[in-house]
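Undergrad: Test case, fold it:
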Amino acid sequence: MQSSRGFALITSLLLLVVLAAMGAGAIFLSNMNLGVAENGRSHAIAFASAEGGLEAAIVALEQAYNQATPREFPESFTTADVPTHDRLVFEVVGYEPFDAQSARVSVRGLGPRDAEYVSEAVIVMVPGTVDPFFARGLVSEQNITVNGASGTFIDAGLHTNQGVSLAGWKFDAFKYCTVARDPTTGKCPAGGLALYEEGNEPLSVWEGGSQDCGNGNSPFCDKVKGKSTVKERYVVEDEVVINIDYLGRRFRAAGGITDEGGAVTSVGAITLDGAIQYGGAACTSSGYLCLTGDQTLAPEEIQGKIVVSDGDITIDCSGCSIQDAVLISTNGTVGLGGVSSASNVRVFSESDLTATGEWLGESTLASAGNITFTGAAKLFQGWAGTMVGMTVIAEGNILTNGGGGTEAVGVFMAGRDFEWNGGGNVYIFGSVLIKGIVNIDGGYTIDAGNELSNPDLETGDSVVSIASRR
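TA: Below you'll find the model as predicted:
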C-alpha cells in the first residue's frame, strides 16, 4: 500500500515537472514570438521610414534641380534639405552628383529597438517637353501677314482667329519630316521632307473670326465677288487663346511656387505684386542678391545668382559675356548694354527691353513692355540639342530688325504684335504665339518638330526618372 502511494507521488511529481516544463516552454516561445514580431515591426518601421524618406529626398532634389540656373543638382544635399514628416524618422547618409543630370542619394530609416534600413536610388533628370500647344508653329489671336513666297512650315502649322494674308504662297509651304532628325542640328535630313496632302495642311482660322485673306491670291483662299476668304475646309470651331502670364513667370523665376491652378504655395523672393520680401529664407540664401533702387552690376557679381531689385538693373560691360544668372527688376528695367553673348540667363524687365548678340541654352528674355532685337546674324544662335531652347516673352510687342541667317531655338510670345523685318534665311526652331498681329517681311522657316525645354515655358520642368533603386 505504501509502495503504491509512493509510486503515485512520484508519478504526480513527474507530471508536475512535465507540466511546469511545458508551461515554461510555452512562455519562452511566446516571448520569443513577441520578440520576433517586435523585431519585424521595428524593421518594417525602419523600412517605411527609409522608403518614405527617399521619396521625400527625390522630390526635394527634383525641386532643387528645376530651380537652379543652369539646371543642375546641388553640390551638397543633407537631411536638412528634406522636409520633415511626423511619422517618419530618417537621415540622408549618402549623396553624390555624377553630373548635371544624374545623382545618387541614400537615406537611412530608423525604427524602435535600434532598427535601421538604408534605401538608395540613382536618379536622372529628364527635360520636360512643352505642351502640344507650343508645337503649333505660327499662332495669332488676330491676323497673320507674311510677305514674300519663301515662308516654310516644317512639322508646324499656322492658326489665327481672324484672317491671313499670304501673298505669293503655294501649298508646298507646309512640310513634315518623315525620318529621324539629325541629332547635332535638329533639322530634318535632306530628302526627309514630305508635303502635306492638299486640303490637309495644318492651317486653320476660327469660325468666329472674319476669315479674311487680304489682297493675296493664296491657294488657301477663295475669291468670291471680289472678296478673298479662307476656304471652308480650313475653318475650325476652336478659338486660339494666348496666355502670356508675364507676372506668373517672373514670380516662378524668383523662386515662387504655384500649384496646377496657379495658386501661390511658396512666395520665394518676391510676391506677385512685385514687392520684395526681405528677411525671407530665399533672400538670405547665397543664391539670391536682393537689392533696392537702381543697380549697376559687373558680370562676376551676378554669376550663379538670382538678382532681384525694385529699381533698374544695368550690366556694366562692353562686349562681355554673362552666364548662369536670373535678373529681375520688379519696377524698373534691365539694361543689357554691351552684352555680346549670354548663356542660361533669364531676364525679367518691367519696361522695354533691347537685346542683341548671341543667346544660348535655356535663356529667357521677358518684359512687361516691348522687346526689340537689333543687330545682324546669329541674334540668338546656339543649337544645343533637341531639348534646349530660349523663350521670348513680351506683354507688348516683339520687334526684330535684321537677323539674316539667324537660327532661333525657342518660343516667342507677345501680348500685342510680332514684327520680323528683313531676316533672309531665318530658321526658327519652335513657335511664335501672338495675341495681336503678326507681320513677317522676308523669308523665314519655322520648324516646330523639336521638343523644347525651357524653365519659363508652361511645362518646362524636368522630371525625375529612377535609373536604379535598392
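
Undergrad: Helices of the stretch 201-350 of the chain, residue ranges please.
TA: Secondary structure of the stretch 201-350 of the chain, counting by DSSP state H, counting those that start in this stretch: helices at 246-253, 281-284, 299-302.

Undergrad: Of the ones you listed, which is nearest Ala57?
TA: Among the helices of the stretch 201-350 of the chain, the nearest to Ala57 by CB to CB is helix 281-284 (19.0 Å). To be clear about C-beta, it is placed using only N, CA and C from the backbone, and glycine gets the same treatment.

Undergrad: Quick check: mean pLDDT of that closest one?
TA: For helix 281-284, mean pLDDT rounds to 70.

Undergrad: same check, this time on stretch 462-470
TA: 79.

Undergrad: same deal with stretch 170-184?
TA: 85.

Undergrad: picking up where we left off before, of all the helices of the stretch 201-350 of the chain, which one comes closest to Ser349?
TA: helix 246-253 (9.4 Å).

Undergrad: first vs last residue of stretch 173-182, how far apart are they?
TA: 21 Å (CA to CA, to the nearest Å).

Undergrad: next one: stretch 444-453
TA: End-to-end for stretch 444-453, by CA to CA: 22 Å.

Undergrad: and that stretch, which residues are buried?
TA: Buried residues in stretch 444-453, counted by 16 or more other CB atoms under 10 Å: 444-450, 452-453.

Undergrad: now those as CSV including distance to Arg346?
TA: Output for these, formatted as CSV (distance: CB to CB, whole Å):
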residue, distance to Arg346
Tyr444, 25
Thr445, 27
Ile446, 23
Asp447, 24
Ala448, 22
Gly449, 25
Asn450, 21
Leu452, 15
Ser453, 14
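
Undergrad: Which strand residues bridge the residue lying closest to Leu399 once chain neighbours are set aside?
TA: Sequence neighbours aside, Thr372 is the residue nearest to Leu399 in space, at 4.7 Å (criterion: CB to CB, 6 or more residues apart in numbering). Using DSSP bridges, the bridge partners assigned to Thr372 are Thr354, Leu399.

Undergrad: Report pLDDT for Thr372.
TA: 87.

Undergrad: Ok, Ala156 next?
TA: Per the predicted model, pLDDT is 90 at Ala156.

Undergrad: before we move on, the earlier item: burial measure for the residue nearest to Leu399, as a count.
TA: Residues lying near Thr372 (other CB atoms under 10 Å) number 19.

Undergrad: tell me the contacts of it?
TA: 352-355, 398-401 (CB atoms under 8 Å, 6 or more residues apart in numbering).

Undergrad: hmm, back to that, which one of the helices of the stretch 201-350 of the chain is the most hemmed in?
TA: Of the helices of the stretch 201-350 of the chain, the one with the most neighbours on average (mean count of other CB atoms under 10 Å) is helix 246-253, at a mean of 21.

Undergrad: what's that helix packed up against?
TA: Packing contacts for helix 246-253, counted by 3 or more CB pairs under 8 Å, 6 or more residues apart in numbering; DSSP states H and E, involve strand 257-258, strand 321-329, strand 341-349, strand 364-367, strand 390-394.

Undergrad: Name the strands paired with the fourth one and say parallel or antiparallel.
TA: In the sheet, strand 364-367 lines up against strand 341-349 (parallel), strand 390-394 (parallel) (DSSP bridges).

Undergrad: Save these as a markdown table, and put in distance to Glu91, mean pLDDT and mean neighbour count too.
TA: Output for the strands paired with strand 364-367, formatted as a markdown table (distance: least, CB to CB, whole Å; pLDDT from 0 to 100; neighbours: other CB atoms under 10 Å):
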| stretch | distance to Glu91 | mean pLDDT | mean neighbour count |
| --- | --- | --- | --- |
| strand 341-349 | 33 | 90 | 25 |
| strand 390-394 | 39 | 89 | 27 |
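
Undergrad: will you turn those strands into JSON lines that also has distance to Asp172?
TA: Formatted as JSON lines, these follow (distance: least, CB to CB, whole Å):
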{"stretch": "strand 341-349", "distance to Asp172": "36"}
{"stretch": "strand 390-394", "distance to Asp172": "29"}
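
Undergrad: Next, format the buried residues of stretch 444-453 as a markdown table and append secondary structure.
TA: Shown next, in a markdown table, are these (DSSP: H, G, I helix; E, B strand; the rest coil):
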| residue | secondary structure |
| --- | --- |
| Tyr444 | strand |
| Thr445 | strand |
| Ile446 | strand |
| Asp447 | strand |
| Ala448 | coil |
| Gly449 | coil |
| Asn450 | coil |
| Leu452 | coil |
| Ser453 | strand |
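
Undergrad: Pull the number of nearby residues for Gly287.
TA: Gly287, neighbours per other CB under 10 Å, totals 16.

Undergrad: Give me the nearest residue to it, chain neighbours excluded.
TA: Excluding its sequence neighbours, the residue lying closest to Gly287 (CB to CB, 6+ apart) is Ile306, at 5.9 Å.
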